[in-house]
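In: Okay, predicted coordinates and the sequence, questions at the end:
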Amino acid sequence: MSMSKPELHLLTCLLLFLLGPFARADIGTASRYSPPYTPTACYGNDYTAFPTSNLFAAAGEGIWDNGAACGRQYLVRCISSPVPNSCVPGQTIQIKIVDRAQTSVSRPSRYGSSLVLSDTAFSAIANPAVHYLNVEYQQL
């Protein structure tokens, strides 16, 4: 079966439309940090700005954006780690940026990460014994 040029163009556009949402995600690394989480570069000592789920993170320099990252929401999933089988398969979490990794009170388990996840957020997507992860993240 041969397709005409308009049919082929329509099929190509349909495929790009269906695959588009997956193409917007970024790949980076995530490490973890533990309490104390305040004061933060975004909210000072205001714990009411933190999500009650404790799924939050400090932004690495690549997404900090001179403080514009404060309050941004991201979908995050573990895609690999230095230790095989450390990712929770199929688990995606939604986190809120509450701090800047470079200046956070509690130091990250690995410097230079795209995201530094709270203990709760890190444990939700991976084995907490691992020091860092390769993650896919997408701003909402």
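Out: Sure, I can see it. Model, not experiment: these values are computed from the prediction.

In: CA only for contacts and neighbour counts going forward, please
Out: Noted.

In: Helix or strand, whichever it is, which one in the chain has the lowest mean pLDDT?
Out: helix 5-23 (a mean of 51; mean pLDDT, DSSP states H and E).

In: Give me the pLDDT value at the closest residue in space to S104 that isn't next to it in sequence.
Out: Nearest non-adjacent residue to S104, counting by Cα to Cα, 6 or more residues apart in numbering: T40, 6.4 Å away. pLDDT, T40: 97.

In: Across the sheet, point out what pairs with T40.
Out: G44 (DSSP bridges).

In: and it, what does it touch?
Out: In this structure, T40 makes contact with V98, D99, R100, S104, V105, judged by Cα atoms under 8 Å, 6 or more residues apart in numbering.

In: what do you get if the cut-off is 10 Å, keeping everything else the same?
Out: D46, Y47, A58, C70, V98, D99, R100, A101, T103, S104, V105, S106 (Cα atoms under 10 Å, 6 or more residues apart in numbering).

In: which residue sits closest to the third one in space, ignoring its chain neighbours?
Out: This points to A58. Leaving aside its sequence neighbours, A58 sits nearest to D99 (Cα to Cα, 6+ apart; 4.3 Å).
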